[in-house]
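J.: Need the 3D shape of this:
(one chain, ligands or ions: 2)
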Amino acid sequence: MYDLIIVGGGPSGASAGRTAGKRGLLTLLIEKEHFPRYKPCGGALSSYGLSCLDFKLPEQVIERNISKVRVHFRDRFVEGVKESDLALLISRKVFDNFLLEKARETGIEVHTGEKVLDCIEKDDHVEVRTTDNTYLGRFVLIAEGSGGTLKYKVRLRDKRTDYGLALTSEIPAEDEAIRTRLPETIDIHFGIAQGGYGWIFPHSGYYSVGIVGTAQYLKHPKKVLLDFLQENNLPGNFPIHSHIIPKGGIKRKIVSSRLLLSGDAAGFVDAFTGEGIAYAIRSGQLAAEAVANLVMYSQKLSSLKAYESSCRKELGNYLAGSLKMEKIMHRFPGVSFKLAVNNSEILDKYLDEVVIGRNYKDYIRWLLLNFCLAEPVSRIKSLTLEGSDKSDTRKEK
Ligand SMILES: NC(=O)C1=CN([C@@H]2O[C@H](COP(=O)(O)OP(=O)(O)OC[C@H]3O[C@@H](n4cnc5c(N)ncnc54)[C@H](OP(=O)(O)O)[C@@H]3O)[C@@H](O)[C@H]2O)C=CC1
Ligand SMILES: CC(C)=CCC/C(C)=C/CC/C(C)=C/CC/C(C)=C/COP(=O)(O)OP(=O)(O)O
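T.: Residues are numbered from 1 along each chain as shown. Ligands and ions are numbered 1, 2, ... in the order given. This is a model prediction of the structure:
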């Protein structure tokens, strides 16, 4: 019998696998695809996400270093630049494969091209049925991402208000043109998808372009993406992929007696930016640590709850803050993003406090004190945007 069976070999499953291997757990990781496999994704790894890894990322995995963020709203934009890297751009095909190799090198067993069909909890083990076989594990970590239905063995399905919908397309382009258009810069466009944004990320040999918005409001996502591409002089004839993104900060159950959830399956995604890779990595590591402590020190089954509390302690405040930020900014998007593009301090402080410092709480307090409470709403609304006065008079929804 395995100590731990991991379902999924994405950033969360692979990170859990590496930690489990290093802690000496007899571990089996099962992934339904053969790696390297294509994965549609913006492909941004924040400096925080990078700091969660216990190894250096080789140069060939890093496509671009990002030190600048350009935020657009209607006809205006504001830029925030930092001396250190805010994020790296990676291609998920290469990055995920590398992470899985780092898990494999710790001696764990990895099966690819095998899909887990069911996990049945028994008193003293879990039976894992796959397309090829049946395995027994003392514990099972479900790191299946946002797709799949195994996670509902532990938690309830999300309501339509509690997840976002993302559509992405990869647009091939010459590297020189990409570097000139977006030098070390990611482009974020608010006001194009309700409850979300559009992005243009300058990868190596292609742009990752996408839109994300709250599922409930995004009625014609394909049209929103095609319009966005057209407005930015990018072709709309490349494949479009969609996926769902759970909003973090919402209370979800992540442990049952012998099953654990991590990464997107657990809902660990920044509700404002959609950033998920970092929390997928960290929660995978925490889950494997919790199982290792239980197995190694023969603790009681209830001590698996330690995983829940370590997630709450490390990620809980941050993700709750991301949900608050999402609500503040998207409740009155016209007012809030107009304010943001008119005051570069709002983005600058966001990059320092949130992206680098990982502290939404102090940032939101600063934002409310300096802008919402100090500025009467009438004054905020009277701010004009060059060339977009007409659209600004639209009523907030
Ligand atoms: N879920 C998505 O479609 C997308 C997720 N992301 C980002 O990925 C990160 C999340 O990482 P993580 O939580 O590791 O999730 P991931 O989706 O990256 O990884 C989960 C892996 O498990 C595989 N899988 C799913 N079901 C099974 C099954 N029954 N048996 C075996 N393997 C299975 C998935 O295949 P498969 O990919 O074929 O489902 C995938 O390779 C976040 O940053 C998120 O925002 C970004 C873009 C798309
Ligand atoms: C405060 C205001 C007005 C704007 C903030 C603008 C935003 C969203 C800035 C992002 C800053 C930044 C560099 C974040 C790094 C992390 C990012 C971009 C994560 C999203 O990446 P992704 O689409 O690849 O998502 P994933 O992690 O794969 O789920």
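
J.: Near ligand 1, which residues of the protein are found?
T.: Residues of the chain found near ligand 1 (Cβ under 6 Å from any ligand atom) are 7-13, 30-33, 39-41, 115-116, 143-148, 150, 243, 245, 263-265, 269, 276-277, 280. C-betas here are computed from N, CA, C, even on glycine.

J.: Can you select the buried ones from those residues in PyMOL?
T.: In PyMOL syntax, the buried subset of the residues of the chain next to ligand 1 is picked out as below (16 or more other Cβ atoms under 10 Å):
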select buried, resi 7+8+9+10+11+12+13+30+31+32+33+39+40+41+116+143+144+145+146+148+150+243+245+263+264+265+269+276+277+280
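
J.: Would you check which of the residues of the chain next to ligand 1 are in contact with ligand 2?
T.: Counting by Cβ under 6 Å from any ligand atom, 41, 276, 277 from the residues of the chain next to ligand 1 sit close to ligand 2.

J.: could you dump these to JSON lines with secondary structure and pLDDT?
T.: Rendered in JSON lines, the data for these read as follows (DSSP: H, G, I helix; E, B strand; the rest coil; pLDDT from 0 to 100):
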{"residue": "41", "secondary structure": "coil", "pLDDT": "91"}
{"residue": "276", "secondary structure": "coil", "pLDDT": "97"}
{"residue": "277", "secondary structure": "helix", "pLDDT": "98"}
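
J.: Closest one of those residues to ligand 1?
T.: Using Cβ to the nearest ligand atom, residue 276 is the member of those that sits closest to ligand 1, with 2.8 Å.

J.: Just to check, that closest one is in contact with residue 268?
T.: Yes - counting by Cβ atoms under 8 Å, residue 276 does reach residue 268; the two are 6.8 Å apart.

J.: so of the residues of the chain next to ligand 1, which ones are in helices?
T.: Counting by DSSP state H, those place 11, 12, 13, 277, 280 in helices.

J.: and these, which two are the farthest apart?
T.: The distance between the two most remote of those (Cβ to Cβ) is 12.6 Å, for 13 and 277.

J.: can you give me the strands for the stretch 201-350 of the chain?
T.: For the stretch 201-350 of the chain, strands defined by DSSP state E, counting those that start in this stretch occupy the ranges 206-214, 240-246, 259-261.

J.: What mean pLDDT does the longest one get?
T.: Mean pLDDT, computed over strand 206-214, is 96.

J.: now do the last one
T.: Computed over strand 259-261, the mean pLDDT rounds to 98.

J.: Packing partners of that strand?
T.: strand 134-142, helix 277-296 (3 or more Cβ pairs under 8 Å, 6 or more residues apart in numbering; DSSP states H and E).

J.: ok, residues contacting that strand?
T.: 119, 121, 126, 139-143, 151, 153-155, 252, 254-255, 287, 290-291, 304, 307 (Cβ atoms under 8 Å, 6 or more residues apart in numbering).

J.: ok, 10 Å please
T.: 4, 6-7, 12, 16, 119, 121, 126, 137, 139-144, 150-151, 153-155, 252-255, 266-268, 283-284, 286-288, 290-291, 304, 307-308, 311 (Cβ atoms under 10 Å, 6 or more residues apart in numbering).

J.: Filter the residues you listed down to the buried ones.
T.: Listed as buried from these are 4, 6-7, 12, 16, 119, 126, 137, 139-144, 150-151, 153-155, 252, 254-255, 266-268, 283-284, 286-288, 290-291, 304, 307-308, 311; burial here means 16+ other Cβ under 10 Å.

J.: Domain boundaries for this protein, per the record?
T.: Domain ranges of the chain: 2-63+91-157+248-320, 163-246, 331-396, per automatic domain parsing.

J.: tell me the SS of the closest residue to residue 60 other than its chain neighbours?
T.: Excluding the flanking residues, the one nearest residue 60 by Cβ to Cβ, 6 or more residues apart in numbering is residue 94, at 7.5 Å. Secondary structure, DSSP: H, G, I helix; E, B strand; the rest coil: residue 94 is helix.

J.: tell me the contacts of the closest residue to ligand 2 within the chain?
T.: Ligand 2 sits closest to residue 42 of the chain, with a gap of 2.4 Å, by Cβ to the nearest ligand atom. Neighbour list for residue 42: 87, 89, 92, 166, 168, 186, 199-201, 203, 208-210, 212, 273-277 [criterion: Cβ under 10 Å, 6+ apart].
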